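*Asks:* structure for this input, please:
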Amino acid sequence: MADEPFSGESSITTATLQIAAAVIVDQHQRILLVRKRGSRWFMLAGGKLDAGETPEQALRREIREELGVQATDAELIGEATTVAANEADHRVHAHLFWTAIQGQAGAHAEIAEIRWVDCDEAVTLPLAPLLRSKVLAIVRSRLGLEPACA
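*Replies:* Residues are numbered from 1 along each chain as shown. So this is what the prediction gives:
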């Protein structure tokens, strides 16, 4: 299942969505993943920027709405563009933040499930393209972990 092609990939895209995404890693080097209602794809917490919002403002709002906790630190670690997981014929341009949270994260708003997983376990899940193709390598590098096997 982990290696099956992403069904949403298309050579035709109509729009690029600007999003902020939280890379939240706990003291056990596990990353927090979320799955939205009606989707099978696990992804980072976060979401679309509202009009007039900076990426960091959007990140902090989305963390409150989706996880019910406060972001205590948010360091911009990069940007990445790829196929959107849940929006047909769209791409996402993600502002990626290494994020610390205060409190116990839970599934709120449109989030159906949250999971804390290590990088090796993550690759066994159905992952959104941004997470699979861009973010896991960043997390492995930042944590000093060996690169994943092909």
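*Asks:* pull out the buried positions in the lengthiest helix in the chain.
*Replies:* Longest helix in the chain by number of residues (criterion: DSSP state H): helix 55-67. Neighbour counts over helix 55-67 (16 or more other CB atoms under 10 Å) mark 55-56, 58-63, 66-67 as buried. The C-beta positions use only the backbone N, C-alpha and C, and glycine is treated the same way.
*Asks:* let me know the pLDDT of the residue positioned nearest the centre of the chain.
*Replies:* The centroid of the chain falls nearest to residue 44 when counting by CA atoms, centre = their mean (1.9 Å). You'll see residue 44 listed with a pLDDT of 98.
*Asks:* and if you look at residue 34?
*Replies:* 98.
*Asks:* list the residues that contact the residue nearest to the centre of the chain.
*Replies:* Counting by CB atoms under 8 Å, 6 or more residues apart in numbering, residue 44 touches 21-24, 32-34, 94, 96, 128, 130-131, 135.
*Asks:* mind listing which of these are in strands?
*Replies:* Per DSSP state E, strands hold the following members of the contacts of residue 44: 21-23, 32-34, 94, 96.
*Asks:* most neighbours, which of those?
*Replies:* Compared across those, residue 21 has the highest neighbour count, 27 neighbours, by other CB atoms under 10 Å.
*Asks:* quickly list what that residue is bridged to.
*Replies:* residue 46, residue 96 (DSSP bridges).
*Asks:* I figured it hits residue 94, correct?
*Replies:* Yes - between residue 21 and residue 94 there is a contact at 4.7 Å, judged by CB atoms under 8 Å.
*Asks:* shared neighbours, those two?
*Replies:* 44, 46, 130.
*Asks:* and the gap between the first one and residue 131?
*Replies:* Here residue 44 is placed at a distance of 6 Å from residue 131 (CB to CB, to the nearest Å).
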